[in-house]
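> fold the following and give me the result.
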Amino acid sequence: MSIKVQNISKIYGKQKALNDISFEVKSAEIVGFLGPNGAGKSTTMKILTCFIPQTSGTASVCGFDISEQSLDVRRNVGYLAENNPLYYDMFVKEYLGFVAELHGLKNADVKVKEIIRMTGLEVEQKKKIGALSKGYKQRIGLAQALIHDPKVLILDEPTSGLDPIQLVEIRNVIKEIGKEKTVMLSTHIMQEVEAMCDRVIIINKGQIVADKPTQEMKETKGSRQLITVEFDKTVSKNSLKDIKGVNEAINIKGNTWQLTTSASTDIRGDIFQFAVKNQLSVLTLQKEDQNLEDVFRELTK
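Sure, this is the predicted structure:
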């Protein structure tokens, strides 16, 4: 396992930020680490990257214990922190060269050139970091996390501040990296998790409340799907709720209704049978499965 966490807790005074959490992340796996603000995401990432110590429990990265072998852990981890600390008075290329030297890299100039190309910083490489947009500063943060070719990449809000085009580009970079490296990322953008992550871990109030492959997470018990249907004539709410599998019926406007059912039940055939029985025509029918954001809200509300 690239990351192994066993019964980790973190206490600040009287506040328990993490409460006995355990999970594992395999090599070449992209895992989304999700939770509301204050849930313990950043605390977990700081512990795994040896920025802060845990109160109790153990963890290892690439087989190295975070307490006993912290230098070995840091050599194998690339970390983009939530606040992305940078030296604003340095030029982009100069800063990445500085980071490469800190890691003791051979052929640092070649590595800097390669990482600038990978993260799309060619146009901005001769500018001072302080003069760049937040999106480009995020790219620099990702570049410094990658420059020493780590086996594990831990990214706290990596797509924060990116415009739609930059977001797609960085998403593709992360997906490509995930083919060979372990990636653990935190984000509030659920669409990004669905697009990038093989697996999702959800933390709430310092405890793991869900840990499943992304698709299975969307099919969590209690999940639902919405069906929007428009008839050519007026129907009553009670008659629609009599259709097998319909949990709720809400009139949107006119003869258009939104029907709620469980994710495991497909009632479209029953809707058509209902229409035939009541001499109705179905003008439109659209099924919308529950997305990851719905599951997240349900588990953390």
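> rest of the way, CA atoms for contacts and neighbours
OK.
> where do the helices sit along this protein?
Here the chain has its helices, by DSSP state H, at 41-48, 70-76, 92-102, 108-118, 134-146, 164-177, 190-196, 214-218, 237-241, 268-277, 292-300.
> figure out how far the first one is from the centre of its chain.
On the basis of Cα atoms, centre = their mean, to the nearest Å, helix 41-48 sits 15 Å off its chain's mean C-alpha point.
> who's in contact with it?
Residues external to helix 41-48 that are found in contact with it (Cα atoms under 8 Å, 6 or more residues apart in numbering): 17-18, 33-35, 52-54, 59-61, 66, 82, 154, 156, 186, 203.
> so for that helix, what's the average pLDDT?
In this model, helix 41-48 has an average pLDDT of 95.
> number of residues surrounding Gly269?
Gly269 has 9 neighbours, counted by other Cα atoms under 10 Å.
> right, and the helices of the chain - which one's nearest Lys126?
helix 92-102 (6.1 Å; Cα to Cα).
> for that closest one, packing partners?
helix 108-118, helix 134-146 (3 or more Cα pairs under 8 Å, 6 or more residues apart in numbering; DSSP states H and E).
> what residues sit buried inside it?
Neighbour-count burial for helix 92-102, with 16 or more other Cα atoms under 10 Å as criterion, is recorded at 92-100.
> could I get these as a markdown table with pLDDT?
Output for the buried residues of helix 92-102, formatted as a markdown table (pLDDT from 0 to 100):
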| residue | pLDDT |
| --- | --- |
| Val92 | 96 |
| Lys93 | 95 |
| Glu94 | 96 |
| Tyr95 | 97 |
| Leu96 | 97 |
| Gly97 | 96 |
| Phe98 | 96 |
| Val99 | 96 |
| Ala100 | 96 |
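> per-residue confidence, the nearest residue to Phe64 once chain neighbours are set aside, what does it come out as?
Of all residues not flanking Phe64 in the chain, Val73 sits nearest, at 5.9 Å (Cα to Cα, 6 or more residues apart in numbering). We have a pLDDT of 96 for Val73.
> how about Ser133?
So Ser133 comes in at 88 (pLDDT).
> again with the one 10 residues further on
As predicted, Ala143 sits at a pLDDT of 94.
> same deal with Glu194?
Reading off the model, Glu194 has pLDDT 86.
> how near is the closest residue to it other than its chain neighbours to Tyr79?
Once flanking residues are discounted, Glu194 sits nearest to Thr214: 6.7 Å by Cα to Cα, 6+ apart. Here Thr214 is placed at a distance of 23 Å from Tyr79 (Cα to Cα, to the nearest Å).
> re the thing from before, if I pick the residue nearest to Phe64, what's in contact with it?
49-50, 60-62, 64-66.
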